[in-house]
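**Student:** below are the sequence and a predicted model for it; my questions follow.
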Amino acid sequence: MALEPILTARGLVKRYGRVTALDNADFDLYPGEILAVIGDNGAGKSSMIKAISGAITPDEGEIRLEGQPINFRSPIEAQKAGIETVYQNLALSPALSIADNMFLGRELRKPGIMGSLFRTLDRGAMEKFARDKLSELGLMTIQNINQAVETLSGGQRQGVAVARAAAFGSKVIILDEPTAALGVKESRRVLELILDVRRRGIPIVLISHNMPHVFEVADRIHIHRLGRRLTVINPKDYSMSDAVAFMTGAKLPAEAIAA
Amino acid sequence: MSETTVATPASQPSQGSQPSQEFEKVLTGSATQVASFDTHDKTAIQKFQHFLHGSPSAVPLIVLVMSVAVFGIILGGKFFSAFTMTLILQQVAIVGIVGAAQTLVILTAGIDLSVGAIMVLSSVVMGQFNFRYGLPPAVSVLCGLACGALCGYINGLLVARMKLPPFIVTLGMWQIILASNFLYSANETIRSQDLARDAPLLQFFGNNIRLGGAVFTYGVIAMVLLVALLWYVLNHTAWGRHVYAVGDDPDAAELAGVNVKRMLVSVYTLSGLICALAGWALIGRIGSVSPTAGQFANIESITAVVIGGLSLFGGRGSILGMIFGALIVGVFSLGLRLIGTDPQWTYLLIGVLIISAVAIDQWIRKVAG
């Protein structure tokens, strides 16, 4: 098994005015794993994830995808490189339909002259694809794939966002609090989906405050504290209270950086 | 890295099928019924509300049909003639074309107060380039169109790159463009007979087709074709869907993979180009090139858009609604004039319509609430 990380970050620094959100943060993601990222509010988890997903550009530091240095200036570039992200705010357009949302920014055009010259969207293909992905996910029963996203419940919206990422992420999928808005049953479905995506060989970064979920699915846990990586632990070796103690600063990990 | 176990697909069997949390064990016995939508016990009014939510241009269409019917009953054949009906179309042609430009901008949650000024400046450029510099009419028209697109492009740059509010940008540009228009033209009108003699191309949109009593000017036909084209673009191309997405939630659109800045610049540029087209049609409508024409095009276009049920907060509505809105205003103006009332009644009623349109919009949106 190749143990070269697929995605690495070294010495990331991001300052917002006088606030340093990222202070020499490091990050490693290995092929086929589920890496959980935990940390207190304001620890810089989101900034680090945004740097990796192209939503912000770090002031310093280097990110490498499959060994190649990358420098995303927008989320579009990260998506083209195969990194899909489900943001906490889901990044859906409320007035657009489910199918339109799933394909936003990468619409399919009709074959032949209608697509190439008149740039007509292939509604049928997009709707079929969206419907397939949603039923694969089993998260919801959507009656009408053309209904506006704003008419869906919070959990259904989350389902649409997760389905979009799972459908298009080819190298890395990043999930920021994917179960925060979901009920017990729906959370279970999302966790199953996460494991299913890993089975397909795509590594996942999972940001969550839900310790039982993190300990259940994660292969490794990246603990973020004060803008940098404090340590990486194996969930089999530590308890949930240890992890909480590390991330809140109640306890320091025995070894410096366990990686 | 040695102590890190990286799970491979094979090494770890699925945990998903067996809930591992204690409290989730009971899930196996849970009801399999999924949340379903109530479809039966909806009242007729609720159904209507849902229908309107799904078809945003239905309200103005209903109002249009009703107002035509009411004026038809009051005025009879005087109103219900092919000539009167097509006269209304001729009177709304300019507002309809400018309204199309305004629709694009308002769908992105912006507003363009400079549409009328761009229209007039473009028409002046078309006229003066021909009469002052002796350029062929076709080249002058192209220069006028380019002038409109350039004005729109500047608007777009200021909104997208400088992040200035569209209201402020276009309020400033309105003054700048209008002043440039008067400075450049020296407030000089090019007479209709001169145009007809030297550059009939400029009056192209004034030509018409007659079918019995009906008179369709090329300007009317251009408006219909333009709205049809934009309807297609907005609903059936990626660019059109992105216009809605940007107006709906620009941050979400950006994260989902839409280049919001480029979209805004392209929308404002296209809006400027359409205004220049309106400028060309304006020459056809009034016959001459006048720097003082079309003073109220910006307010009239916003009125058409609002009565047409488009949301000023962006992302909602249909361009067809805008054209229905423009026609409603046209029907009211002409109908009331034929009845012989004080024209102020028209403005009063249009004011009522604007406020009602927004009130209905709020009610429809409660569907999503």
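**Tutor:** Looks like it arrived, so ask away.
**Student:** what about the residue nearest in space to the middle of chain B, which helix or strand?
**Tutor:** Centrality entry for chain B: nearest residue to the mean C-alpha point is B:T103, 1.7 Å, by Cα atoms, centre = their mean. Secondary structure here is read from DSSP states H and E; on that basis B:T103 sits in helix B:82-107.
**Student:** excluding chain neighbours, give the residue nearest to whatever residue of chain A ends up closest to chain B in space.
**Tutor:** Shortest chain A-to-chain B distance, computed as Cβ to the nearest Cβ: residue-wise this is A:G105, at 2.7 Å. In this view, the C-beta of every residue, glycine as well, is placed from N, C-alpha and C. If the residues on either side of it in the chain are set aside, A:G105 comes closest to B:G257, at 2.7 Å by Cβ to Cβ, 6 or more residues apart in numbering or on different chains.
**Student:** got it, and B:L201?
**Tutor:** Using Cβ to Cβ, 6+ apart and skipping residues adjacent in sequence, the residue nearest B:L201 is B:P137, 3.9 Å away.
**Student:** tell me the confidence at that neighbour?
**Tutor:** As summarised for this prediction, B:P137 has a pLDDT of 93.
**Student:** so who does the nearest residue to A:F103 once chain neighbours are set aside touch?
**Tutor:** With Cβ to Cβ, 6+ apart as the measure, A:M126 is the residue that lies nearest to A:F103, at 5.1 Å, once sequence neighbours are left out. Taking Cβ atoms under 8 Å, 6 or more residues apart in numbering or on different chains as the criterion, A:M126 is in contact with A:A99, A:D100, A:M102, A:F103, A:E107, A:L108.
**Student:** same check, this time on B:L201
**Tutor:** Under the criterion of Cβ under 8 Å, 6+ apart, the contact partners of B:L201 comprise B:P137, B:A138, B:V141.
**Student:** which one of those has the most neighbours?
**Tutor:** Across the contacts of B:L201, the neighbour count under other Cβ atoms under 10 Å in any protein chain shown reaches its highest value at B:V141, namely 27 neighbours.
**Student:** and after the stretch of helix or strand that residue belongs to, which helix or strand comes next?
**Tutor:** Assigning secondary structure by DSSP H and E places B:V141 in helix B:137-160. Secondary structure here is assigned by DSSP H and E; on that basis, the next helix or strand after helix B:137-160 toward the C-terminus is helix B:166-185.
**Student:** average model confidence for that next one?
**Tutor:** The predicted model assigns helix B:166-185 a mean pLDDT of 95.
**Student:** what residues sit buried inside that helix?
**Tutor:** Judged by neighbour count using 16 or more other Cβ atoms under 10 Å in any protein chain shown, the buried positions of helix B:166-185 are B:P166, B:V169, B:T170, B:M173, B:W174, B:I177, B:L178, B:S180, B:N181, B:S185.
**Student:** can you name every helix or strand that that helix contacts?
**Tutor:** Using 3 or more Cβ pairs under 8 Å, 6 or more residues apart in numbering or on different chains; DSSP states H and E as the contact criterion, the secondary-structure elements in contact with helix B:166-185 are helix B:115-131, helix B:137-160.
**Student:** what mean pLDDT does the host helix or strand of A:A25 have?
**Tutor:** Using DSSP H and E, the element containing A:A25 is strand A:19-29. Taken as a whole, strand A:19-29 has a mean pLDDT of 88.
**Student:** same thing with stretch A:146-161?
**Tutor:** With pLDDT averaged residue by residue, stretch A:146-161 scores 81.
**Student:** next one: it to chain centre, how far?
**Tutor:** For stretch A:146-161, the separation from the chain centroid amounts to 18 Å (computed by Cα atoms, centre = their mean, to the nearest Å).
**Student:** with stretch B:316-331 instead?
**Tutor:** Taking Cα atoms, centre = their mean, the mean C-alpha location of stretch B:316-331 is offset from the chain mean by 9 Å.
**Student:** close to chain A, is it?
**Tutor:** Yes: where contact is defined by Cβ under 8 Å from any Cβ of the partner chain, part of stretch B:316-331 touches chain A, namely B:R316.
**Student:** tell me the residue of the stretch 151-300 of chain B that sits nearest chain A?
**Tutor:** Distances from the stretch 151-300 of chain B to chain A, computed as Cβ to the nearest Cβ, single out B:G257 as the nearest residue at 2.7 Å.
**Student:** which pLDDT value belongs to that residue?
**Tutor:** With respect to pLDDT, B:G257 has a value of 83.
**Student:** count of neighbours near it?
**Tutor:** For B:G257, the neighbour count with other Cβ under 10 Å is 23.
**Student:** run through the residues that contact it.
**Tutor:** With contacts taken as Cβ under 8 Å, 6+ apart, B:G257 has the following neighbours: A:P75, A:I76, A:Q79, A:L104, A:G105, A:R106.
**Student:** same thing but 6 Å
**Tutor:** For B:G257, the set of contacting residues under the criterion of Cβ atoms under 6 Å, 6 or more residues apart in numbering or on different chains consists of A:I76, A:Q79, A:G105.
**Student:** top of the residues you listed by number of neighbours, please.
**Tutor:** Counting neighbours by other Cβ under 10 Å, A:Q79 leads these with 23 neighbours.
**Student:** which strands and helices sit next to the host helix or strand of B:A228?
**Tutor:** Using DSSP H and E, the secondary-structure element containing B:A228 is helix B:218-236. Contact partners of helix B:218-236 among helices and strands, from 3 or more Cβ pairs under 6 Å, 6 or more residues apart in numbering or on different chains; DSSP states H and E: helix B:82-107, helix B:260-286, helix B:319-339.
**Student:** give the next helix or strand downstream of the second one.
**Tutor:** Read it as helix B:260-286. Past helix B:260-286, further along toward the C-terminus, the next helix or strand under DSSP H and E is helix B:297-307.
**Student:** do the shortest one as well
**Tutor:** Following the chain from helix B:319-339 toward its C-terminal end, the next helix or strand by DSSP H and E is helix B:344-365.
**Student:** so which bits of that next one are buried?
**Tutor:** Neighbour-count burial for helix B:344-365, with 16+ other Cβ under 10 Å as criterion, is recorded at B:T346, B:L349, B:I350, B:L353, B:I354, B:A357, B:D361, B:I364.
**Student:** can you give me the angle it makes with helix B:297-307?
**Tutor:** Using axes from the mean of the first three to the mean of the last three Cα atoms, to 10 degrees, one finds that helix B:344-365 and helix B:297-307 are set 40 degrees apart in direction.
**Student:** now do helix B:344-365, average pLDDT.
**Tutor:** Confidence for helix B:344-365, expressed as mean pLDDT, is 87.
**Student:** what's the angle from it to helix B:319-339?
**Tutor:** When the same axes, to 10 degrees is applied, the directions of helix B:344-365 and helix B:319-339 differ by 150 degrees.
**Student:** rewinding a little: give me the element the residue nearest to A:F103 is part of.
**Tutor:** Short version, using DSSP H and E: A:M126 is in helix A:123-137.
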